[in-house]
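[1] this is the structure alone, sequence omitted:
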């Protein structure tokens, strides 16, 4: 069996590659990174040539610049929205047997503060959400004309592979330095913001479970368990034996686009999904403990 992963260089791509290889599936790993096969996902000719020649059993579209910043509007449009169209049209033309996974985001939904369901309405909350919404509508269209297109909506999930522009990693790296003797101050925005703290390795298990369902559908791939940033901070500092209040400075200039972003994961639990790594275990992992 063969699988193509677009966005293989990210944390999800890394853990998904491991999962597939452990199942003896040959992985064609695509990324802009020079250590991977370089195929421009925004170029239909390049994408269709790869898909036609590979005849993969699975294609996973994980490529994106994981930020809501407006200045990467066009980059994310090309990667997420145009990339989705290119993959699905190439599968339609050249590899109709292939199952395709398209990643979505909890950020693309109307967020009332209640757990978000897959059936909730979309909202263009930021530049990133625009591309995600377009991508899902493309997936629905191609599904209606016979392409096996699954969609999984991701909520916050992390691993040691995260970069420090993500708050989870920013905090854990600072705590490691403080635990080793640094007297630095850690500036954080609103500590009361609540989100999920899943492990990326658990999330890719959900992807694999989804694409092996006979019924093709959309689902939140998530823990459904919310914790505040303060809880994460407290847990990390507890591990290194420090009081977070001595090091953390709350900066009101750092604004979150939401107060709470948590999923309703009832649907994926109904097909047997569960997460194995909780907030405490993730903190230990991120702190190399």
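    Noted; the coordinates are in hand. These numbers come from a predicted model, not from an experiment. Numbering: from 1, shown residues only.
[2] for the stretch 1-150 of the chain, which segments count as strands?
    In the stretch 1-150 of the chain, the strands defined using DSSP state E, counting those that start in this stretch lie at 2-6, 26-30, 58-61, 99-105, 148-154.
[3] most packed of those strands?
    Counting by mean count of other Cβ atoms under 10 Å, strand 58-61 has the highest mean neighbour count of the strands of the stretch 1-150 of the chain, with a mean of 27. (C-beta placed from N, C-alpha, C; glycine too.)
[4] would you mind listing the buried residues in the one helix or strand in the chain whose mean pLDDT sits lowest?
    Lowest by mean pLDDT, DSSP states H and E among the helices and strands of the chain is helix 73-76, with a mean of 82. Residues of helix 73-76 classed as buried: 75-76 (neighbour count, 16 or more other Cβ atoms under 10 Å).
[5] which neighbouring elements make contact with that helix?
    Under the contact criterion of 3 or more Cβ pairs under 8 Å, 6 or more residues apart in numbering; DSSP states H and E, helix 73-76 touches helix 127-144.
[6] got the contact list for the helix it packs on?
    The contact list for helix 127-144 (Cβ atoms under 8 Å, 6 or more residues apart in numbering) reads 61, 64, 67-70, 72-73, 76-77, 79-81, 83-85, 88-89, 91-92, 100, 102, 104-105, 107-108, 122-124, 149, 151, 216, 218.
[7] buried among those? Make that a ChimeraX selection.
    A single ChimeraX command is used to select the members of the contacts of helix 127-144 judged buried by 16+ other Cβ under 10 Å:
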select :61,64,72,76,77,79,80,81,83,84,85,88,89,91,92,100,102,104,105,107,108,122,149,151,216,218
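[8] want to throw the strands of the stretch 1-150 of the chain into TSV with mean pLDDT?
    Shown next, in TSV, are these (pLDDT from 0 to 100):
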stretch	mean pLDDT
strand 2-6	98
strand 26-30	98
strand 58-61	98
strand 99-105	97
strand 148-154	98
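[9] turn the ones you listed into TSV, columns for distance to residue 285.
    Listed next are those as TSV, based on distance: least, Cβ to Cβ, whole Å:
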stretch	distance to residue 285
strand 2-6	23
strand 26-30	23
strand 58-61	23
strand 99-105	22
strand 148-154	19
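[10] domain-wise, how is this structure divided?
    Following automatic domain parsing, one gets these domains for the chain: 2-157+197-221, 161-195+226-262+278-286.
[11] comparing the ones you listed, which comes out most buried?
    domain 2-157+197-221 (a mean of 19).
[12] for that one, what is the distance to the chain centroid?
    Centre-to-centre, domain 2-157+197-221 and its host chain are 9 Å apart (Cα atoms, centre = their mean, to the nearest Å).
[13] and of the domains of the chain, who's closest to residue 268?
    Nearest of the domains of the chain to residue 268, taken as Cβ to Cβ: domain 2-157+197-221 at 4.9 Å.
[14] any idea how far apart the tips of that closest one sit?
    23 Å (Cα to Cα, to the nearest Å).
[15] okay if I get the domains of the chain as a markdown table plus distance to residue 271?
    Shown next, in a markdown table, are the domains of the chain (distance: least, Cβ to Cβ, whole Å):
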| stretch | distance to residue 271 |
| --- | --- |
| domain 2-157+197-221 | 6 |
| domain 161-195+226-262+278-286 | 20 |
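[16] closest one to residue 272 among those domains?
    Residue 272 lies closest to domain 2-157+197-221 among the domains of the chain, at 6.7 Å (Cβ to Cβ).
[17] for the stretch 51-200 of the chain, which spans come out with low pLDDT?
    Within the stretch 51-200 of the chain, the segments meeting pLDDT under 70 span 66.
[18] how about the helices of it, start to end?
    For the stretch 51-200 of the chain, the helices defined by DSSP state H, counting those that start in this stretch cover 73-76, 83-94, 127-144, 167-179, 200-211.
[19] okay if I get these as JSON lines plus distance to residue 255?
    As requested, these are exported to JSON lines (distance: least, Cβ to Cβ, whole Å):
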{"stretch": "helix 73-76", "distance to residue 255": "19"}
{"stretch": "helix 83-94", "distance to residue 255": "30"}
{"stretch": "helix 127-144", "distance to residue 255": "16"}
{"stretch": "helix 167-179", "distance to residue 255": "13"}
{"stretch": "helix 200-211", "distance to residue 255": "26"}
